[in-house]
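Undergrad: Can you look at this prediction? I've put the sequence above it.
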Amino acid sequence: MTSVSSTSEFHHQHHFKSAEHQYASSKQGIWLFLCTEILMFGGLFVGYLIYHSLYPAVFKNGSETLNWKMGAVNTIVLLVSSFTMAAAINYVQRGLHKIASIMLILTIACAAAFMVIKYFEYTHKFHVGTVPGKFSLVDPTCGSGGKRTECETKIGALLKSEELRHANHVDAEEAARLQTVISRPKWEMFYGFYFIMTGLHGVHVVAGACMIFWILIKTLRRKVGPEYYTPVEGVGLFWHVVDLVWIYLFPLLYLVG
């Protein structure tokens, strides 16, 4: 089945031989694009596995400071969004624009919920000091000139002050884990991987939500339907890959400890 019928108001672009040619080319194009996405994240996964094998204790200690419950909730949120996106594609193909729009709105809501949870995760880490590079230091300029070992970390300052621990909602159990983290050299390495991998994934979530909103507008305006649903399928494929990447990120980052 093609996404454009010869009798509909939707006509293929002039540089394609037919509607079927346009549909096949579009699907091939999106799959090629998704292959580049997989290659990009694949490189990060390979790097993660290499350094994890070299510094297993660093990655174990770092993983134990992450909030796996928030990660699990985000996993469920994205799984639900995959279902609503697939349902939206099905309803568009069947010409049920109203319910398709509802499914798209729910998908966008799931994306927003995911990012809100990541916001709370990120802000806590910045306040506590479980961040990579100079941002983990009380004085970011202290590490210049190769004198990083002489600098005080935010975690170290936090552990010395009961007032800071209370202000940042750090209980005794978390404090013990933070102490274990900074007891290892190069402990910031884990958080470097964490922020790069989850940050890049977050950018894709936002981009995907924007594209789904674009599809929502087209659906409300009846610009897609049983005769033409190529962009809906394309965006849906992208969203499923974004969800799939998180399925790998969650156990690698949150459960490795």
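TA: Now that the structure is in, tell me what you want to look at. If you're wondering where the values come from, they're calculated on a predicted model, not measured in any experiment.

Undergrad: where does the stretch 101-250 of the chain have low pLDDT?
TA: Flagging of the stretch 101-250 of the chain using pLDDT under 70 yields the residue ranges 143-148.

Undergrad: Now with 90, please.
TA: Applying pLDDT under 90 to the stretch 101-250 of the chain flags the ranges 133-154, 157-161, 164, 167-169, 171, 183-186, 227-230.

Undergrad: Now do the helices in it.
TA: All helices of the stretch 101-250 of the chain, identified by DSSP state H, counting those that start in this stretch, fall at 154-160, 162-167, 172-182, 188-220, 230-249.

Undergrad: Deepest-packed of those helices, please.
TA: Of the helices of the stretch 101-250 of the chain, the one with the most neighbours on average (mean count of other C-beta atoms under 10 Å) is helix 230-249, at a mean of 21. In this view, the C-beta of every residue, glycine as well, is placed from N, C-alpha and C.

Undergrad: Can you tell me which helices and strands that one packs against?
TA: In this structure, helix 230-249 makes packing contacts with helix 19-54, helix 68-93, helix 188-220, judged by 3 or more C-beta pairs under 8 Å, 6 or more residues apart in numbering; DSSP states H and E.

Undergrad: and that helix, how far from the chain's centre?
TA: Taking C-alpha atoms, centre = their mean, to the nearest Å, the mean C-alpha location of helix 230-249 is offset from the chain mean by 11 Å.

Undergrad: what's the angle between it and helix 68-93?
TA: 160 degrees (axes from the mean of the first three to the mean of the last three C-alpha atoms, to 10 degrees).

Undergrad: contacting residues around helix 230-249?
TA: Helix 230-249 has contacts (C-beta atoms under 8 Å, 6 or more residues apart in numbering) with 3-4, 22-23, 26-27, 30-31, 33-34, 37-38, 41, 45, 74-75, 78-79, 81-82, 85-86, 88-89, 92, 107, 197-198, 201, 204-205, 208, 211-212, 214-215, 218-219, 224.

Undergrad: where's F135 relative to V128, distance?
TA: As judged by C-beta to C-beta, to the nearest Å, F135 and V128 stand 11 Å apart.

Undergrad: Same question for L96.
TA: Distance, L96 to V128, using C-beta to C-beta: 48 Å.

Undergrad: thinking again about what came up before, out of the helices and strands packed on helix 230-249, the one nearest F250 is which?
TA: Across these, F250 has its closest neighbour in helix 68-93 (5.1 Å, C-beta to C-beta).

Undergrad: I'd like the average pLDDT over that closest one.
TA: The average pLDDT for helix 68-93 rounds to 97.

Undergrad: how far is it from where the chain is centred?
TA: For helix 68-93, the distance to the chain centre is 13 Å (C-alpha atoms, centre = their mean).

Undergrad: what is the orientation angle of it with helix 188-220?
TA: Orientation of helix 68-93 against helix 188-220 (the same axes, to 10 degrees) gives an angle of 20 degrees.

Undergrad: before we move on, the earlier item: identify whichever of the helices and strands packed on helix 230-249 lies nearest to K118.
TA: Closest to K118 of these, according to C-beta to C-beta: helix 188-220, at 5.7 Å.
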